[in-house]
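**Student:** here are the coordinates; sequence isn't available:
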């Protein structure tokens with residue numbers, strides 16, 4: 001991941017110097033730099049960005065789609081990813097050798113991705129495989145760090161997106177009887193239940209417990225088919241079943257779309 005860099009270059013100014021500038025001047029400078037660089041740079045804007053950022057984006061989309069688009073932009077030397085750290089890492093994995101991926105703010109993070117680190121995942125894996133033997137396929141959501149993606153690859157696992165999680169679980173269970181899914185418990189649970197897996201066959205791994213074996217006793221039961229890391233999206237879990245009840249009461253014809261990162265309820 002050596003090409004994932006902050007925007008520092010000889011003669012470059014820190015962002016703090018730009019903050020006091022009028023918005024019109026910032027826009028003018030940005031458009032001027034974009035014109036001068038031309039096809040040498042491609043700017044990716046994640047759906048979650050403000051419109052004041054998105055107006056400069058060459059492509060808009062979710063994290064995986066943007067990484068694919070960046071990889072297809074063969075002429076671009078510089079890929080500026082207006083998103084969070086794991087997104088830029090994903091683009092860096094898919095980039096061409098001559099390309100450099102730039103994350104404007106290296107501190108930009110995803111709370112869910114930050115809930116699973118290599119040390120805790122390795123510890124959980126060791127405990128689970130000690131109890132169940134070689135019966136697990138590790139699966140990490142796209143919204144995770146590059147080191148966790150590598151962890152899965154090294155152990156015969158896979159990376160999934162929200163749209164292909166079901167297909168990935170089908171593949172995993174064709175390999176081995178159990179899946180270890182991280183970092184988003186809700187995507188894993190919702191996908192498994194939609195496939196007919198009963199809730200009692202799912203178990204949640206509480207990685208912050210003082211006594212891990214005691215706190216995660218259900219994960220060691222023979223009937224468990226999927227162990228779910230106790231991680232979640234801080235935004236999607238704000239939605240509640242009561243909000244849906246209220247929306248339907250106000251408009252019985254309303255159509256409700258639910259992302260699989262929301263709670264099962």
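**Tutor:** Ah, there it is. Keep in mind the model is a prediction, meaning the values are calculated, not measured.

**Student:** Okay, buried residues for the lowest-mean-pLDDT helix or strand in the chain please.
**Tutor:** Using mean pLDDT, DSSP states H and E, helix 63-72 stands out as the lowest-scoring helix or strand of the chain, at a mean of 85. Neighbour-count burial for helix 63-72 flags 63-64, 66-67, 69-71 (criterion: 16 or more other CB atoms under 10 Å). Any C-beta I mention is one placed from the backbone N, CA and C, and that applies to glycine too.

**Student:** Now flag whichever of those residues is closest to residue 110.
**Tutor:** Top of the list for closeness to residue 110, among those and by CB to CB, is residue 63 at 9.2 Å.

**Student:** residues touching that closest one, list them.
**Tutor:** Residue 63 makes contact with 46, 83, 86-87, 90, 142-143, according to CB atoms under 8 Å, 6 or more residues apart in numbering.

**Student:** What of residue 98?
**Tutor:** residue 77.

**Student:** For residue 164, give its distance to residue 187.
**Tutor:** Per CB to CB, to the nearest Å, residue 164 is found 11 Å from residue 187.

**Student:** quick one on the thing from earlier: quick check: the farthest pair among the buried residues of helix 63-72?
**Tutor:** Pairwise distances across the buried residues of helix 63-72 (CB to CB) peak at 13.0 Å, for the pair 63 and 71.

**Student:** hmm, back to that, who has more neighbours, residue 164 and residue 187?
**Tutor:** Comparing residue 164 with residue 187 by other CB atoms under 10 Å, the one with more neighbours is residue 187, at 29 against 16.

**Student:** What residues does the more buried one make contact with?
**Tutor:** Residue 187 touches 141, 162, 165, 181, 260-261, counting by CB under 8 Å, 6+ apart.

**Student:** So which of those residues are in helices?
**Tutor:** Here DSSP state H is the test, and the contacts of residue 187 give residue 165 as lying in helices.

**Student:** quick one: which of the contacts of residue 187 is most hemmed in?
**Tutor:** residue 181 (31 neighbours).

**Student:** ok, now how distant is it from residue 57?
**Tutor:** 32 Å.

**Student:** ok so, going back, mind listing what's buried in the helix or strand following the least confident helix or strand of the chain?
**Tutor:** Where DSSP states H and E defines the elements, the next helix or strand beyond helix 63-72 is strand 78-82. Within strand 78-82, the residues that count as buried by 16+ other CB under 10 Å are 79-82.

**Student:** Give me the contact list for strand 78-82.
**Tutor:** 7, 37, 40-46, 49, 53-54, 57, 66, 70, 73, 87-88, 91, 95, 99-104.

**Student:** what mean pLDDT does it have?
**Tutor:** The predicted model assigns strand 78-82 a mean pLDDT of 95.
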